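> The amino acid sequence is not available; the structure is as follows:
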DNA sequence: TCACATTTAATTGTTCGCAATTGAATGTCC
DNA sequence: GGACATTCAATTGCGAACAATTAAATGTGA
């Protein structure tokens, strides 16, 4: 009976979906670490590179919208990517408020070296692609509902 | 056709479960922020309090195992909780290597003030309890498979 | 045109998160 | 008992993450 109550107590760590998400994010990060070390990237830096590999010459603001990050996080991160010769940062001539991020040749080339990363993650997940896609869609839907509440 | 290929490209941001988890964790954090501000806690500090509300007088190591955090993260965090008069840190007399974390009266009292937090999160999730429990179980299972790979 | 608001990055300060190292306490094996 | 390894917390250094503020460029309305 006490056991049954415990499984329903919303104040218990094990019953909280947010802790599940929080701890899963850290677990992913630990799996990524050795893979990304070889590329000289951290996970957030890898996310920025994914954005740029899809579309180059993008303002900081747009990267922020895609990754849900602000300039306080991105500015120093992008400076590190620039120091690593993976991107260039230039003021837009049309709108001088914007800083455009463009890949260097090295930045483009890194895409090939990074090609094997997703399948390594898939293998570590030990799960079928279709199951992962279903989970991903559910988590994205939850995230979007949470973000909708924040905007209120 | 191009669209169909894009939805399968494993190197696309939108196709990555890890980004879904990463961004969902941040979304949860933003929803928690105003709720926890009233308690004077950050989200990781709240997690530590959840552990202590379940069982008091716990060594740092055990908190770390439950939250998947190490002493490099916990030591300064626990010092902040001590500075806020929510916990006491004392060396174990049986094993002087261990530091035991115990709740103060204020720390115990905070549990009542925090009681409404989970239901606020539930409301923000805009989702049934049973759906959330199912998702939580899936995510925990994924996390545990990832952590199993790390230990290899 | 000029005052005012908005947008965009950058900056500052605080808190996580982790790798790597240190130092003290405890265990183990001969 | 004594050399050695192991365990545990603390420390150092670096890279996020975000709130709050600043400063410059752009947009808007009288």
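Thanks, I have the structure now. Since the model is a prediction, treat every value here as computed from it, not as a measurement.

> show me the contacts for the one residue sitting closest to the centre of chain A.
Nearest to the mean C-alpha position of chain A, by C-alpha atoms, centre = their mean, lies residue A:47 at 4.6 Å. When contacts are counted by C-beta atoms under 8 Å, 6 or more residues apart in numbering or on different chains, residue A:47 touches A:67, B:13, B:19, B:22. No exception for glycine: its C-beta is placed from N, CA and C like everyone else's.

> how does it look with 7 Å?
Residues in contact with residue A:47 (C-beta atoms under 7 Å, 6 or more residues apart in numbering or on different chains) are A:67, B:13, B:19.

> The second one - how many residues pack around it?
Look at residue B:13: counted by other C-beta atoms under 10 Å in any protein chain shown, it has 17 neighbours.

> which one is residue A:111 nearest to, not counting chain neighbours?
residue A:53 (4.9 Å; C-beta to C-beta, 6 or more residues apart in numbering or on different chains).

> Residue A:103 versus the one you found, what's the distance?
Using C-beta to C-beta, to the nearest Å, we find residue A:53 at a distance of 8 Å from residue A:103.

> Which of those two has more residues huddled nearby?
Higher neighbour count among residue A:53 and residue A:103: residue A:103, with 20 against 17, using other C-beta under 10 Å.

> Need the nearest residue in space to residue A:107, chain neighbours excluded.
In space, and not counting its chain neighbours, residue A:107 is closest to residue A:86: 4.0 Å by C-beta to C-beta, 6+ apart.

> Report the separation between the one you found and residue B:10.
The gap separating residue A:86 from residue B:10 is 21 Å, by C-beta to C-beta.

> same check, this time on residue A:140
Taking C-beta to C-beta, one finds residue A:140 at 16 Å from residue B:10.

> Mind checking which of the two has more residues around it?
residue A:140 (17 against 14).

> and the more buried one, what element?
Following DSSP states H and E, the helix or strand that holds residue A:140 is helix A:129-150.

> Helix B:129-150 and that helix, what's the angle between them?
Orientation of helix A:129-150 against helix B:129-150 (axes from the mean of the first three to the mean of the last three C-alpha atoms, to 10 degrees) gives an angle of 120 degrees.

> Break chain A into its domains for me.
A:31-115, A:116-152 (automatic domain parsing).

> Need those in TSV (columns: mean pLDDT).
Listed next are the domains of chain A as TSV, based on pLDDT from 0 to 100:
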stretch	mean pLDDT
domain A:31-115	97
domain A:116-152	93
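
> Could I get these in a markdown table, plus columns for distance to DNA strand C?
Shown next, in a markdown table, are the domains of chain A (distance: least, C-beta to the nearest atom of the strand, whole Å):
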| stretch | distance to DNA strand C |
| --- | --- |
| domain A:31-115 | 3 |
| domain A:116-152 | 14 |
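
> Buried ones in the helix holding residue A:140, by neighbour count?
For helix A:129-150, the neighbour count (16 or more other C-beta atoms under 10 Å in any protein chain shown) marks A:132, A:135-136, A:138-140, A:142-143, A:146-147, A:149 as buried.

> Now the element after the one helix or strand residue A:110 maps to, going C-ward?
Using DSSP H and E, residue A:110 sits within helix A:105-113. Sequence-wise, the next helix or strand downstream of helix A:105-113 (DSSP H and E) is helix A:117-125.

> So which bits of that next one are buried?
A:117-118, A:121, A:124-125.

> Tell me how far it lies from the chain's centre.
Relative to its chain's centre, helix A:117-125 lies at 15 Å (C-alpha atoms, centre = their mean, to the nearest Å).

> Show me what it packs onto, helices and strands only.
helix A:17-37, helix B:129-150 (3 or more C-beta pairs under 7 Å, 6 or more residues apart in numbering or on different chains; DSSP states H and E).

> Residue A:95: which of those is closest?
Nearest of the helices and strands packed on helix A:117-125 to residue A:95, taken as C-beta to C-beta: helix A:17-37 at 33.0 Å.

> The closest one close to DNA strand D?
No - using C-beta under 7 Å from any atom of the strand, helix A:17-37 never reaches DNA strand D; the gap is at least 8.0 Å.

> can you give me the angle that helix makes with helix A:117-125?
In terms of direction (the same axes, to 10 degrees), helix A:17-37 departs from helix A:117-125 by 130 degrees.

> Appreciated, that's everything.
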